[in-house]
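S.K.: Build me a model from this:
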Amino acid sequence: MTMDDAAIIRSEQARLARRTQWLDWLASPPGRYALAWQQQQFDVAVADVFGFHALQCGMPGLDALRDNRMQHRIRACEPGDPLAPNAANLLVEHFEELPIASQTLDLVVLPHVLEFAADPHQVLREVDRVLRPEGRVIVSGFNPISLWGARQWLTRSVSSRPFLPRDGHFIGLPRLRDWFKLLSFELDRGRYGCYRPPCRTQNWLERTRFMEAAGDCWWPICGALYVVSAVKRVHGMRLIGPAWRQTLPARAAAAVAAPHCEPNRKS
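M.R.: Numbers count the residues shown, from 1 in each chain. Modelled structure (predicted):
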């Protein structure tokens with residue numbers, strides 16, 4: 001075995017370990033709480049999106065396209081993910097490069113994909129490539145300006161036990177909005193949610209249920225999660241250069257009546 005082969009094996013083992021850690025967190029009480037809220041938001045967001053082809057990337061525990069009425073719904077899965085029973089499964093190595101033709105999709109859903117991608121901006125560029133004009137992308141992620149984000153920041157050292165998977169990188173909504181502007185996306189709508197504190201047990205999550213209504217009213221931008229959608233805009237072409245003037249035919253002079261018309265007098 002060469003050194004390159006050993007490096008590839010170690011990289012694959014590390015990737016599988018990260019996937020296992022992420023799936024274990026999704027099965028925990030806070031993970032189920034986050035999935036339930038996102039499922040409600042995606043059900044509302046995709047219900048009125050029309051077209052022919054929709055794609056969901058990642059998150060096997062979430063069916064983000066179940067309330068969408070498109071005929072062809074595709075689930076892009078990474079190696080090790082369970083296959084979806086109610087969708088056409090597409091196995092990909094990573095989401096930075098999708099085996100899909102350009103401008104063929106009407107909807108792309110990215111639940112927590114950008115946070116765990118090696119190059120999240122490249123993922124958005126790839127989504128921009130495969131989406132048709134006026135197509136829609138919906139993104140969900142963790143909000144760094146939240147109680148969950150503060151706890152993750154406080155436990156960033158190696159010796160501390162993080163509340164969320166350590167390999168995830170929070171992407172704030174202002175930064176995501178800048179990425180949309182750099183591409184051809186126009187931010188359409190969004191919502192924050194999950195205002196309960198970062199509790200690991202179901203008992204404490206139930207005790208802090210009252211914070212949902214309070215957070216939505218008093219500190220709405222501090223929810224632990226956000227779901228936003230953007231539309232791909234393709235502007236029309238403009239002619240650059242001198243404007244050619246059409247020469248109009250000359251008009252005949254209008255006849256003007258004399259102010260006084262007197263007959264000739266004989267001498």
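
S.K.: Residue ranges in the stretch 101-250 of the chain under the pLDDT threshold?
M.R.: Applying pLDDT under 70 to the predicted model, the residue ranges of the stretch 101-250 of the chain that meet it are 157-159, 236-250.

S.K.: Would you mind putting the CA coordinates of stretch 127-142 into CSV?
M.R.: Provided in CSV are the C-alpha atoms of stretch 127-142 (Å, rounded to 0.1, in the frame of the first residue of the first chain):
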residue,chain,number,x,y,z
VAL,A,127,-26.8,25.0,-7.7
ASP,A,128,-26.8,28.1,-9.8
ARG,A,129,-25.6,26.0,-12.8
VAL,A,130,-28.3,23.3,-12.6
LEU,A,131,-31.2,25.6,-11.9
ARG,A,132,-33.4,27.0,-14.6
PRO,A,133,-34.1,30.8,-14.7
GLU,A,134,-36.7,31.7,-12.1
GLY,A,135,-35.8,28.4,-10.3
ARG,A,136,-35.7,28.4,-6.5
VAL,A,137,-33.2,27.2,-3.9
ILE,A,138,-34.1,26.7,-0.2
VAL,A,139,-31.4,26.6,2.4
SER,A,140,-31.6,25.7,6.1
GLY,A,141,-28.8,26.1,8.7
PHE,A,142,-27.8,26.9,12.2
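
S.K.: and that stretch, which residues are buried?
M.R.: Neighbour counts using 16 or more other Cβ atoms under 10 Å place 127-132, 135-142 of stretch 127-142 among the buried residues. All C-beta spots, glycine's among them, are computed from the backbone N, C-alpha and C.

S.K.: any chance of those in TSV, plus secondary structure?
M.R.: Supplementary listing: the buried residues of stretch 127-142 in TSV, determined by DSSP: H, G, I helix; E, B strand; the rest coil:
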residue	secondary structure
Val127	helix
Asp128	helix
Arg129	helix
Val130	helix
Leu131	strand
Arg132	strand
Gly135	strand
Arg136	strand
Val137	strand
Ile138	strand
Val139	strand
Ser140	strand
Gly141	strand
Phe142	strand
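
S.K.: any idea where the helices of the stretch 51-200 of the chain begin and end?
M.R.: Taking DSSP state H, counting those that start in this stretch, the helices of the stretch 51-200 of the chain run over residues 113-116, 120-130, 147-154, 173-182.

S.K.: what sits up against the second one?
M.R.: This means helix 120-130. Outside of helix 120-130, the residues that reach it under the criterion Cβ atoms under 8 Å, 6 or more residues apart in numbering are 55, 95-98, 100-105, 108, 110, 113-114, 117, 137, 169, 171, 179-180, 183-185, 232.

S.K.: returning to what we had before: check the buried residues of stretch 127-142 and tell me the two furthest apart.
M.R.: Maximum pairwise distance among the buried residues of stretch 127-142 (Cβ to Cβ): 29.3 Å, between Arg132 and Phe142.

S.K.: Great, nothing more from me.
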